[in-house]
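> With the sequence up front, the predicted model follows.
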2 protein chains.
Amino acid sequence: MSSHPNEPVPARQGLSRRKLFGAAGVGAAVVGAAGAGALAGRATAAAPAVHLETAVPFRGEHQAGIVTEAQDRMHFATFDVTTNSRDDVIKMLADWTEMAERMTQGQEAFKNGATGQNPYAPPTDTGEALGLPPSQLTLTIGFGPSFFVKDGVDRFGIADKKSAQLVDLPKFPNEKIEPARSGGDIVVQACANDPQVAVHAIRNLARIGFGTVAVRYSQLGFGRTSSTTREQTTPRNLFGFKDGTANLRSDETDKLNRFVWVGDGDGPAWLTGGTYLVARRIRMRIEQWDRTTLLEQERVIGRQKGSGAPMGQSDEFDELNFTLKDKKDKPLIDEVAHVRLASKENLGGIEILRRGYNFTDGSDGFGHLDAGLFFIAFVRDPLTQFIPMQNALSRKDALNEYITPTSSALFACPPGIREGDTSTFWGSTLFD
Amino acid sequence: MSSHPNEPVPARQGLSRRKLFGAAGVGAAVVGAAGAGALAGRATAAAPAVHLETAVPFRGEHQAGIVTEAQDRMHFATFDVTTNSRDDVIKMLADWTEMAERMTQGQEAFKNGATGQNPYAPPTDTGEALGLPPSQLTLTIGFGPSFFVKDGVDRFGIADKKSAQLVDLPKFPNEKIEPARSGGDIVVQACANDPQVAVHAIRNLARIGFGTVAVRYSQLGFGRTSSTTREQTTPRNLFGFKDGTANLRSDETDKLNRFVWVGDGDGPAWLTGGTYLVARRIRMRIEQWDRTTLLEQERVIGRQKGSGAPMGQSDEFDELNFTLKDKKDKPLIDEVAHVRLASKENLGGIEILRRGYNFTDGSDGFGHLDAGLFFIAFVRDPLTQFIPMQNALSRKDALNEYITPTSSALFACPPGIREGDTSTFWGSTLFD
Ligand code: HEM
Ligand code: HEM
């Protein structure tokens, strides 16, 4: 234990230089404190880009917020429909679409909504984003299995539109799912570089939805844990590791068509060009993690903490090499390392798009921070991508000692609304 | 109810132009939609300044994080001491001070802590802030009444150092205090422009404190609700109103000496140059608020929602004028308006420094967002400033219909540690 940590510690030997600078190969030379010291100041890396003035287009072939450059903050909310009126649901989705387009472009939810309308009526915008720029806000909608059929009832006459892939996620080993934080009829993922803008958006949708939907749960994410474009630096999750290195990227069109976008004939026509959103709130036992050695942490992940390079390699973006061994003939990337089990090599070529966020929700009542990763992934087919991947991880992943998924949800996200299309709104094709 | 809000609404008449542009006087002329439309695009105001590269000096006459330009994000944590060992507490506070100075300057908690030390030991920095700039991180420490005497026991031999002003805050009308979110032996307020930097700091302090302290509760704040310097634009709270307009400012030296900094002879010497921190988690009933008219909202606050100007005035920074009346001889600033009751005019000259944050902690299980204001104030004397002010508000404030305080805490914050002073650490003067 290092409860007295400011006693002098030995400068890290052997592994450090390779890790920090990617210079030498596997059998690195011994280096002293001077070399290792170069990372001592955190701020040597470039500051993260924070785009506040930029608006992300709302319309397009696909919804924004999926391959869009991952914004820094998220407010994720799921809603349960509280009415059986198909018309009310349709009306709300049409309202939401109009509001979403306005808000993502940096406008109020309704024109002059906060102060410019009738003073004898409630303002139609709640006002806390007045004066704030678009901040790359995206709003992404999806529909859960229970939107189509709830407790066996087809409330809105759309049961036949449910795809075979839109299932209740199975129970996986090693999870403790809280139903009140799981599922939901509708999801809206709000991502922005300013949390106040994301919170404002969800709140105004909830407000207009009053009487039609109620918030089931919502989650604030404060730090992105993925890169979705090549321009973005790789952020770090709360285990201190770079997260998103081997993620799919927005310019990998072929891969996105193979692994993210629902294809023609994959399922019902309304979903073509859409995708599935998987959400899992994963509690991290950070105190326990923080007590393990650097060697153990790197064994568990299968990458080096400093650089993010795979074990045995030197650059963050080097390919994972599962055949490298140490002198004792042990694989450098452990047999149960997270990246090995999650890799396409281990899973018959499967890949997914990850787009999660770090969270900290106060404390758990036992003296620990209630913190973790709000895992979000987008896949073309949960049955052949997410479920087998999660199964592989749930059974063997060395990470399991340090994490517990506490929520689980799956949603089908329709494609985008095209420029100039005035007849379509969020989910309208479900009601044709 | 506006569940069908995209029906055309009447352009706001009469009040709008005055409110939006502060042009005309109290009896404003009728204006049409064209004038009112100028605020329709939210982004007309300047984008908030986000200073990521800047480090705030750790040392000085006063602690940083009090009159420091309010950063955008906060992670607030209180700790309970879990040991009776005075030595352990002293050791931890010394460690904390060293770590705090490093982290606020953009360094790791310990030199090469994340990856550069012994791989066979747990890293001494948790790593998730590697590569992130200082982001104006400040860490501010304070000690609660229970640090001095807990359940009648003087655990650390410092009971005589407790000031008479460091009391358990009384029960006020109209509050529902949750003990598990209140109090605490020690508080650390981490403010930064990047939440990951603030979370990293608290977590590393908690980590090193393991065995000596345990986190009692922690709160993430995502949007500042105050300006503390004249350069800062006034942000908005979740009721959509500008918050911080009439706050004390960092350059008002005389007022700060009168209302914020503990003076020589006010109490025990160790606190001279320090201050008291009041923390109150105030849940806002935002759904109920969102259903009230603009007129009612402005009556409750006593200021105009668009501009932030006092009722009857035209500019945000106009002085409150409590004598103005409408044609029916009713005061324009209502008798129970929040700003009237909280004003120095109503309170015999009392002022306080506000430095709170908006929060959204998921949902409350009843379909509502669990959102509000994490109120923080710094005062020279809670007995003569905060308590009478809160009493005045608790009894009559029109806001009470829309808010409920759910936590309460008071801490005494020592002065700053001077440049070059190597013998002093956080709280060391308590143990002299
Ligand atoms: C708290 C939980 C988790 C943590 C801390 C975590 C952390 C990481 C880290 C540090 C990497 C290496 C860098 C990178 O390539 O992004 C990684 C890779 C990856 N993770 Fe996770 N992860 C978590 C949960 C999951 C889950 C639930 C899944 C999917 C079911 C998943 C799928 C992947 C995949 C596919 C990769 C890339 C593997 C490759 O290199 O091909 N992770 N994760
Ligand atoms: C959720 C709860 C609260 C909300 C929404 C709120 C909101 C506001 C707003 C909008 C203003 C006007 C702008 C400004 O001058 O900053 C204001 C002013 C003020 N508030 Fe609050 N406030 C809350 C709680 C409190 C509490 C608990 C206190 C102290 C006990 C307080 C003390 C003050 C003071 C001193 C002023 C300045 C009054 C003046 O003009 O002289 N507020 N508040």
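In hand now; what should we look at? Bear in mind the structure is a predicted one, so any value in this text is a computation, not a measurement. Ligands and ions are numbered 1, 2, ... in the order given.
> any idea which helix or strand carries A:V278?
Assessed by DSSP states H and E, A:V278 sits inside strand A:275-284.
> what's whatever helix or strand comes next after that strand packed up against?
Per DSSP H and E, the first helix or strand lying C-terminal to strand A:275-284 is helix A:286-290. Helices and strands touching helix A:286-290, by 3 or more Cβ pairs under 8 Å, 6 or more residues apart in numbering or on different chains; DSSP states H and E, are strand A:369-379, helix B:195-209. The way it works is simple: take the backbone N, C-alpha and C, and place the C-beta from them, glycine included.
> for chain A, which residue is closest to the average position?
With distances taken as Cα atoms, centre = their mean, A:G356 lies nearest the centre of chain A, 2.0 Å away.
> Can you report phi and psi for that residue?
phi -90, psi 180 (degrees, to the nearest 10).
> In contact with it: list those residues for me.
With contacts defined as Cβ atoms under 8 Å, 6 or more residues apart in numbering or on different chains, A:G356 is in contact with A:G221, A:R224, A:T225, A:S226, A:D243, A:L373, A:F374, A:F375, A:I376, A:A377.
> what's the distance between the residue lying closest to the fourth one once chain neighbours are set aside and B:D334?
In other words, A:S226. If the residues on either side of it in the chain are set aside, A:S226 comes closest to A:G244, at 3.7 Å by Cβ to Cβ, 6 or more residues apart in numbering or on different chains. The gap separating A:G244 from B:D334 is 52 Å, by Cβ to Cβ, to the nearest Å.
> Looking at these two, which is more packed in?
Set side by side, A:G244 and B:D334 show more neighbours around A:G244, with 23 against 19, by other Cβ atoms under 10 Å in any protein chain shown.
> From chain B, how far off is that one?
Using Cβ to the nearest Cβ, to the nearest Å, we find A:G244 at a distance of 13 Å from chain B.
> Now do that residue against A:Y357, distance only.
11 Å.
> How about A:M284?
A:M284 sits at a distance of 13 Å from A:Y357 (criterion: Cβ to Cβ).
> for A:P170, same thing?
Applying Cβ to Cβ to A:P170 and A:Y357 gives a distance of 24 Å.
> Between the two, which has more neighbouring residues?
Neighbour tally, A:P170 and A:Y357, criterion other Cβ under 10 Å: the higher count belongs to A:Y357, 28 against 9.
> Not counting sequence-adjacent ones, nearest residue to the more buried one?
The shortest distance from A:Y357 to any non-neighbouring residue, by Cβ to Cβ, 6+ apart, is to A:G221 (2.4 Å).
> my guess is that neighbour meets A:F76, correct?
Yes. If you go by Cβ atoms under 8 Å, A:G221 and A:F76 touch, sitting 6.8 Å apart.
> any common contacting residues for these two?
Joint contacts of A:G221 and A:F76 (Cβ under 8 Å, 6+ apart) are A:Y357, A:F374.
> before we move on, the earlier item: give me the phi and psi angles of the residue nearest to A:Y357.
Per degrees, to the nearest 10, the backbone of A:G221 is at phi -120, psi 130.
> do the same with A:M99
The phi/psi pair for A:M99 (degrees, to the nearest 10) is phi -60, psi -40.
> wait, isn't it in contact with A:E108?
No. Using Cβ under 8 Å, A:M99 makes no contact with A:E108, being 9.0 Å away.
> How much space separates the closest residue to ligand 1 within the stretch 101-250 of chain A from A:I352?
Using Cβ to the nearest ligand atom, the single residue of the stretch 101-250 of chain A nearest to ligand 1 is A:A246, 3.3 Å away. According to Cβ to Cβ, A:A246 and A:I352 sit 11 Å apart.
> and what of A:V188?
Distance, A:V188 to A:I352, by Cβ to Cβ: 21 Å.
> Show me the shaky parts of the stretch 51-200 of chain A.
In the predicted model of the stretch 51-200 of chain A, no residue satisfies pLDDT under 70.
> So A:R249 lies in a strand, does it not?
No. Counting by DSSP: H, G, I helix; E, B strand; the rest coil, A:R249 is located in no strand; its state is coil.
> Please name the nearest non-neighbouring residue to it.
In this structure, A:R249 finds its nearest non-sequential neighbour in A:R230, 5.5 Å apart by Cβ to Cβ, 6+ apart.
> what does A:A114 give?
Once flanking residues are discounted, A:A114 sits nearest to A:G127: 3.7 Å by Cβ to Cβ, 6+ apart.
> residue boundaries of the helices in the stretch 251-400 of chain A?
A:253-259, A:286-290, A:294-301, A:338-342, A:386-396 (DSSP state H, counting those that start in this stretch).
> show me the contacts for the residue nearest to A:Y357.
Contacts of A:G221 (Cβ under 8 Å, 6+ apart): A:R73, A:M74, A:H75, A:F76, A:G356, A:Y357, A:N358, A:F359, A:F374.
> so who does the closest residue to ligand 1 within the stretch 1-150 of chain A touch?
The nearest approach of the stretch 1-150 of chain A to ligand 1 comes at A:A70, 12.0 Å away (Cβ to the nearest ligand atom). Neighbouring residues of A:A70 by Cβ under 8 Å, 6+ apart: A:C191, A:R224, A:S226, A:S227, A:T228, A:T229, A:Q232, A:G244, A:R355.
> Now do the one helix or strand A:M74 maps to and helix B:195-209, the angle between them.
Assigned by DSSP H and E, A:M74 belongs to strand A:73-81. Here the directions of strand A:73-81 and helix B:195-209 differ by 100 degrees (axes from the mean of the first three to the mean of the last three Cα atoms, to 10 degrees).
> before we move on, back to that, mind checking the helices of the stretch 251-400 of chain A for the one nearest to ligand 2?
Of all the helices of the stretch 251-400 of chain A, helix A:286-290 sits nearest to ligand 2, with 31.1 Å by Cβ to the nearest ligand atom.
> returning to that earlier point: Serialize the helices of the stretch 251-400 of chain A to TSV and add fields for mean neighbour count and mean pLDDT.
TSV is the format used below for the helices of the stretch 251-400 of chain A (neighbours: other Cβ atoms under 10 Å in any protein chain shown; pLDDT from 0 to 100):
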stretch	mean neighbour count	mean pLDDT
helix A:253-259	14	97
helix A:286-290	20	94
helix A:294-301	22	97
helix A:338-342	22	98
helix A:386-396	18	97
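> would JSON lines of those helices with distance to A:L205 be doable?
Formatted as JSON lines, the helices of the stretch 251-400 of chain A follow (distance: least, Cβ to Cβ, whole Å):
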{"stretch": "helix A:253-259", "distance to A:L205": "27"}
{"stretch": "helix A:286-290", "distance to A:L205": "32"}
{"stretch": "helix A:294-301", "distance to A:L205": "37"}
{"stretch": "helix A:338-342", "distance to A:L205": "33"}
{"stretch": "helix A:386-396", "distance to A:L205": "26"}
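> Could you dump the ones you listed into JSON lines and include distance to ligand 1?
Compiled in JSON lines, those are given as follows (distance: least, Cβ to the nearest ligand atom, whole Å):
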{"stretch": "helix A:253-259", "distance to ligand 1": "10"}
{"stretch": "helix A:286-290", "distance to ligand 1": "9"}
{"stretch": "helix A:294-301", "distance to ligand 1": "5"}
{"stretch": "helix A:338-342", "distance to ligand 1": "3"}
{"stretch": "helix A:386-396", "distance to ligand 1": "4"}
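> Nearest to B:T83, out of those?
Checking the helices of the stretch 251-400 of chain A against B:T83 by Cβ to Cβ gives helix A:286-290 as the closest, at 16.8 Å.
> chain center to the closest one: distance?
22 Å (Cα atoms, centre = their mean, to the nearest Å).
> Now it - C-alpha only, PDB.
Extracted as PDB, the C-alpha positions of helix A:286-290 are listed here (Å, rounded to 0.1, in the frame of the first residue of the first chain):
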ATOM      1  CA  ILE A 286     -11.700   1.900  -9.100                       C
ATOM      2  CA  GLU A 287     -10.400   1.700  -5.500                       C
ATOM      3  CA  GLN A 288      -9.600  -2.000  -6.100                       C
ATOM      4  CA  TRP A 289      -8.000  -1.200  -9.500                       C
ATOM      5  CA  ASP A 290      -5.900   1.500  -7.900                       C
END
